[in-house]
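Enquirer: turn this into a structure:
(one chain, ligands or ions: 1)
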Amino acid sequence: MKVEVVVLGIGGVGAFALRALAQQGVKPLGIEQFVPGHDLGSSHGGTRVYRHAYFEHPDYVPLLLHSSAAFGELQEVSDRPLMVRCGTLLLGRKDSKELSGARQAADEHRLLVRALNSGELRARYPQFDLPNDYIGLLEPGGGFVRPEAAIEAAVSDARRLGAELRTRTTVQSIREDKSGVHLTTNQGEIHCERLVVCAGAWSQKLIPQLQSMLQVTRQIQAWITPRNSEVIQPERLPTWFLARDNEPALYGIPADPLAKGTPAAKLAVHGRSEKADPETLARTVSPGERQEFQALTKRWMPRLAATVSELKVCMYTMTRDGNFLVDRAPGMERTWFAAGLSGHGFKLTPALGQVLSDLALDGASDLPAGFLGLRDM
Ligand SMILES: Cc1cc2nc3c(=O)[nH]c(=O)nc-3n(C[C@H](O)[C@H](O)[C@H](O)COP(=O)(O)OP(=O)(O)OC[C@H]3O[C@@H](n4cnc5c(N)ncnc54)[C@H](O)[C@@H]3O)c2cc1C
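Expert: Numbering: from 1, shown residues only. The predicted structure follows:
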């Protein structure tokens, strides 16, 4: 089989790359080892935070604004509810790198944020028990997006525009020569002019040159059910990020009003360091890990009197500096990739999909993603 462009991996980035290519009039082929919206990679769990006053690096802001607008546009086109704009609240010491970084990004890009002192925080968000010198930075334009629904909507729109999809098809190897790119899969050979690799935690297996740059880690997302579910509704609780001293940050997402069952809010540790491999990942959560999340709930949100009701395992693919990698694959001419989304990539998947489509078709993109190119790490 011979096609012009293949998108390998239809998770978060791949779904939007497939759609961006289809919007350009190419008839791309998407290849996915499972089915889009599955829960075995990095894009499951019902909700993902989006925000724009980005402490990670102000250069992400144009890509974030592009992405939020694109989620909004897809929501309209697909007539599916993909986003909830409930605001995002950063919590921590004034001089923490997260709060000062977010303020810098907001200043540079004129984003609306509002500082809250500790008294205002206590009055407005009694869900938290914070040290007295913690302050807040509220971005009303933040919120959460529904990842599985967004992936399904992007794939469905891409197919409407002419994209094809092969599910339950695993690419085993990639080889390039002058005639094109040759993929060996468990369903036979596929040849293409250009290849876009969006393989998440599997990236370094397909592009071994990335091995030394990427590290997969095992992450846990927990859901907590409080005594009074009113206080975890998006009208009362924004998405939040708590920068702690000398310990990994915590973050959370309010109950999704569209989720079935008893309302539950998400709570997670940002960046547990347990190394993992997607093929051997421990996908169940131990009683000790459940207790860890119960203790975190009790320490930081004691007035909720909440119990941990559900836990799910997921993966981050970390780069050393926490910034993504988006570039041509090392030593290859026709293969492009995005990898190392380092636990903060879903909110940027529309921009990354667009950049990959532009790179594969034109070798350059108008979106300012050059800072994510391959670098010495
Ligand atoms: C617990 C958790 C919470 C997070 N919270 C947030 C958040 O709040 N906000 C945010 O912005 N980001 C968040 N992230 C990060 C974000 O979800 C990820 O960065 C993003 O979803 C990764 O998308 P991806 O396309 O790179 O990977 P994936 O969505 O995993 O896609 C990779 C796809 O490639 C396929 N594939 C791989 N190898 C092959 C092969 N050989 N053949 C065929 N198919 C293949 C896989 O099956 C998979 O579908 C979180 C991540 C986790 C784990």
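Enquirer: any idea which element L89 lies in?
Expert: In the assignment (DSSP states H and E), L89 maps to strand 88-93.
Enquirer: quick one: residues contacting the closest residue to the ligand within the stretch 151-300 of the chain.
Expert: Closest to the ligand within the stretch 151-300 of the chain is G200: 2.6 Å, counting by Cβ to the nearest ligand atom. For every residue, glycine as well, the C-beta is placed using N, CA and C. By Cβ atoms under 8 Å, 6 or more residues apart in numbering, the contact set of G200 is 9, 11-13, 41-43, 315, 317, 339, 341.
Enquirer: pLDDT wise, what is it at?
Expert: Per-residue confidence (pLDDT) for G200: 98.
Enquirer: domains in this structure, by residue range?
Expert: Using automatic domain parsing, the domain parsing of the chain gives 2-47+147-214+321-372, 89-142+215-318.
Enquirer: E76 is nearest to which of the ones you listed?
Expert: The closest of those to E76 is domain 2-47+147-214+321-372. By Cβ to Cβ, the value is 10.5 Å.
Enquirer: quick one: end-to-end length of the closest one, please.
Expert: The first and last residues of domain 2-47+147-214+321-372 sit 31 Å apart, counting by Cα to Cα, to the nearest Å.
Enquirer: repeat that for stretch 358-367.
Expert: Start and end residues of stretch 358-367 are separated by 9 Å (Cα to Cα).
Enquirer: give me the residues contacting that stretch.
Expert: Under Cβ under 8 Å, 6+ apart, the answer for stretch 358-367 is 5, 20-21, 24, 26, 62-63, 66, 194-196, 326, 328, 336, 351, 354-355.
Enquirer: where's Y54 relative to D358, distance?
Expert: In this view, Y54 and D358 are 22 Å apart by Cβ to Cβ, to the nearest Å.
Enquirer: cool, F324 as well?
Expert: On the measure of Cβ to Cβ, F324 and D358 end up 16 Å apart.
Enquirer: residue ranges for the helices of the stretch 1-150 of the chain, please.
Expert: Using DSSP state H, counting those that start in this stretch, the helices assigned to the stretch 1-150 of the chain run over residues 12-23, 61-78, 97-109, 118-124, 147-160.
Enquirer: what's the most buried one of those helices?
Expert: helix 12-23 (a mean of 30; mean count of other Cβ atoms under 10 Å).
Enquirer: can you give me the angle that helix makes with helix 61-78?
Expert: Per axes from the mean of the first three to the mean of the last three Cα atoms, to 10 degrees, the angle that helix 12-23 makes with helix 61-78 is 70 degrees.
Enquirer: extract the C-alpha trace of helix 12-23 and format it as CSV.
Expert: Included here for helix 12-23 are C-alpha records, laid out as CSV according to Å, rounded to 0.1, in the frame of the first residue of the first chain:
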residue,chain,number,x,y,z
GLY,A,12,-3.6,13.3,21.4
VAL,A,13,-1.1,14.7,18.9
GLY,A,14,-1.8,12.2,16.1
ALA,A,15,-5.5,12.9,16.0
PHE,A,16,-4.9,16.6,15.5
ALA,A,17,-2.0,16.0,13.0
LEU,A,18,-4.4,13.8,11.0
ARG,A,19,-7.0,16.5,11.0
ALA,A,20,-4.6,19.2,10.1
LEU,A,21,-3.3,17.2,7.1
ALA,A,22,-6.8,16.4,6.0
GLN,A,23,-7.7,20.1,6.1
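Enquirer: what is the mean pLDDT for it?
Expert: The average pLDDT for helix 12-23 rounds to 98.
Enquirer: roughly how far is it from the heart of the chain?
Expert: 15 Å (Cα atoms, centre = their mean, to the nearest Å).
Enquirer: over to stretch 125-134?
Expert: 27 Å.
Enquirer: next one: stretch 15-31
Expert: 20 Å.
Enquirer: repeat that for stretch 328-340.
Expert: 20 Å.
Enquirer: same list (the helices of the stretch 1-150 of the chain) but as TSV, adding distance to P257.
Expert: Formatted as TSV, the helices of the stretch 1-150 of the chain follow (distance: least, Cβ to Cβ, whole Å):
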stretch	distance to P257
helix 12-23	23
helix 61-78	15
helix 97-109	27
helix 118-124	20
helix 147-160	14
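Enquirer: give the buried residues for stretch 167-180.
Expert: Neighbour counts over stretch 167-180 (16 or more other Cβ atoms under 10 Å) mark 169, 171, 174, 176, 180 as buried.
Enquirer: any idea of the pLDDT on M1?
Expert: pLDDT, M1: 75.
Enquirer: number of nearby residues for it?
Expert: 14 (other Cβ atoms under 10 Å).
Enquirer: OK, contacts around it?
Expert: Residues counted as contacts of M1 (Cβ under 8 Å, 6+ apart) are 188-191.
Enquirer: next one: it from P62, what distance?
Expert: M1 is 37 Å from P62, by Cβ to Cβ.
Enquirer: before we move on, back to that, and the ligand, which of the contacts of stretch 358-367 contact it?
Expert: Near the ligand, judged by Cβ under 6 Å from any ligand atom, there are no entries from the contacts of stretch 358-367.
Enquirer: and after the helix or strand harbouring L195, which helix or strand comes next?
Expert: Using DSSP H and E, L195 maps to strand 188-197. Next helix or strand after strand 188-197 toward the C-terminus (DSSP H and E): helix 203-206.
Enquirer: could you check whether the helix or strand that that next one is followed by is close to the ligand?
Expert: For helix 203-206, the following helix or strand on the C-terminal side (DSSP H and E) is strand 215-225. Yes - shown here: strand 215-225 in contact with the ligand (Cβ under 6 Å from any ligand atom) through 219, 221.
Enquirer: ok, residues contacting the following helix or strand past strand 215-225?
Expert: Proceeding N to C from strand 215-225, the next assigned helix or strand is strand 239-242, under DSSP H and E. By Cβ under 8 Å, 6+ apart, the residues outside strand 239-242 that reach it are 49, 51, 86-92, 98, 128, 130, 142-144, 249-254, 270, 300.
Enquirer: having no further points to raise, I will conclude here.
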